[in-house]
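Asks: no FASTA, just this:
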C-alpha cells in the first residue's frame with residue numbers, strides 16, 4: 001500500500017512538472033495560442049514592463065501590445081522594425097521585435113506618441129542604438145474591420161485524430177512597424193538627454209496565431 005502511495009505521489013509530481021513544462025518553451029516563452037493543427041504558439045503574451053495582452057478573448061476587447069525592437073532601420077525621419085510582409089513598403093526583415101519590455105527610456109532617445117480613432121502608440125526611439133520600445137493599443141472596432149476577429153470561434157481542425165474544437169481567442173504572435181515621425185533629434189548629445197517628437201503616421205502589421213498576417217497594416 002505504501003509502495004502504491006509512493007507511485008501515485010510520483011505520478012502526480014510528474015504530471016505537475018509536465019504541466020509546468022508545457023507552459024513555456026526552452027526560451028521561457030509562454031503558450032499564447034494554438035495554430036490550425038493544435039500546435040502551441042509560443043510568445044510572452046505581450047506582458048512586459050507596462051503590461052499588455054497579445055490575445056483577444058472578447059469581441060469588445062482592444063488589443064494592447066508591449067514591444068521592444070532591436071536592429072531597426074532608420075532613414076531620415078522614418079524607421080522600419082520587424083519583418084514587414086511582401087505587400088508592405090520596404091518588405092523584409094528590419095531587425096527583431098519582441099512583444100515585451102514596454103517603454104524603455106534610454107539616453108539619447110526620442111519620446112513620442114500618437115492617438116487616433118484606430119488606437120494609440122506611445123514609444124521611445126533611439127536612432128543611434130537602432131532600438132525602439134513602447135505600447136500599442138488598437139480599438140476593437142478596427143480589429144473587426146480588418147478581419148482580425150474572423151479567427152475567433154472558427155474550427156481549429158484536428159490534432160492526432162482529435163478535434164481541437166473551436167478557438168475562443170485570437171492572438172498576435174509578432175508585429176512589424178513603419179513609422180514616420182518629426183523630431184529635432186540630431187544624435188545623442190554629450191549629456192545623453194532625451195528629446196521629444198511627434199508621430200505623423202504609424203503602420204502596424206499584425207501576425208496572428210493561425211499563421212496568417214492581417215492583409216493591411218493598421219494605421220494609427
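Replies: That came through fine. Just so it is clear, the structure is predicted and the values come from calculations on it, not from any experiment. Residues are numbered from 1 along each chain as shown.
Asks: Kindly state the pLDDT recorded for residue 196?
Replies: pLDDT, residue 196: 88.
Asks: show me the contacts for it.
Replies: Residues in contact with residue 196 (C-beta atoms under 8 Å, 6 or more residues apart in numbering) are 110, 111, 112, 183. Bear in mind the C-beta positions are built from the backbone N, C-alpha and C, glycine included.
Asks: Quick check: what element follows the helix or strand hosting the second one along the chain?
Replies: By that I understand residue 111. Taking DSSP states H and E as the definition, residue 111 sits inside strand 110-116. Using DSSP H and E, the helix or strand that follows strand 110-116 towards the C-terminus is strand 119-126.
Asks: quick one: strands adjacent to that following strand?
Replies: strand 110-116 (antiparallel), strand 131-138 (antiparallel) (DSSP bridges).
Asks: Show me what the mean pLDDT comes to for it.
Replies: For strand 119-126, the per-residue pLDDT averages 94.
Asks: do the same with stretch 69-85
Replies: For stretch 69-85, the mean per-residue pLDDT is 94.
Asks: which of the residues in that stretch are buried?
Replies: Neighbour-count burial for stretch 69-85, with 16 or more other C-beta atoms under 10 Å as criterion, is recorded at 69, 72, 74, 79, 80, 81, 82, 83, 84, 85.
Asks: Adding secondary structure and distance to residue 142 as columns, could you present these in JSON lines?
Replies: As requested, the buried residues of stretch 69-85 are arranged in JSON lines below (DSSP: H, G, I helix; E, B strand; the rest coil; distance: C-beta to C-beta, whole Å):
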{"residue": "69", "secondary structure": "strand", "distance to residue 142": "22"}
{"residue": "72", "secondary structure": "coil", "distance to residue 142": "24"}
{"residue": "74", "secondary structure": "strand", "distance to residue 142": "27"}
{"residue": "79", "secondary structure": "strand", "distance to residue 142": "23"}
{"residue": "80", "secondary structure": "strand", "distance to residue 142": "22"}
{"residue": "81", "secondary structure": "strand", "distance to residue 142": "20"}
{"residue": "82", "secondary structure": "strand", "distance to residue 142": "19"}
{"residue": "83", "secondary structure": "strand", "distance to residue 142": "22"}
{"residue": "84", "secondary structure": "strand", "distance to residue 142": "19"}
{"residue": "85", "secondary structure": "coil", "distance to residue 142": "18"}
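Asks: Throw these into TSV and include distance to residue 58, thanks.
Replies: Compiled in TSV, the buried residues of stretch 69-85 are given as follows (distance: C-beta to C-beta, whole Å):
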residue	distance to residue 58
69	28
72	32
74	37
79	33
80	32
81	28
82	26
83	28
84	29
85	27
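Asks: And the residues you listed, which is closest to residue 101?
Replies: For the buried residues of stretch 69-85, the closest approach to residue 101 (C-beta to C-beta) belongs to residue 69, at 9.1 Å.
Asks: Next one: the closest one from residue 217, what distance?
Replies: Residue 69 sits 15 Å away from residue 217, taking C-beta to C-beta, to the nearest Å as the criterion.
Asks: circling back to that earlier point, tell me the mean pLDDT for the strand holding residue 111?
Replies: In this model, strand 110-116 has an average pLDDT of 93.
Asks: So which residues make contact with that strand?
Replies: For strand 110-116, using C-beta under 8 Å, 6+ apart, the contacting residues are 105, 120-127, 181, 183, 185, 194-199, 202, 219-220.
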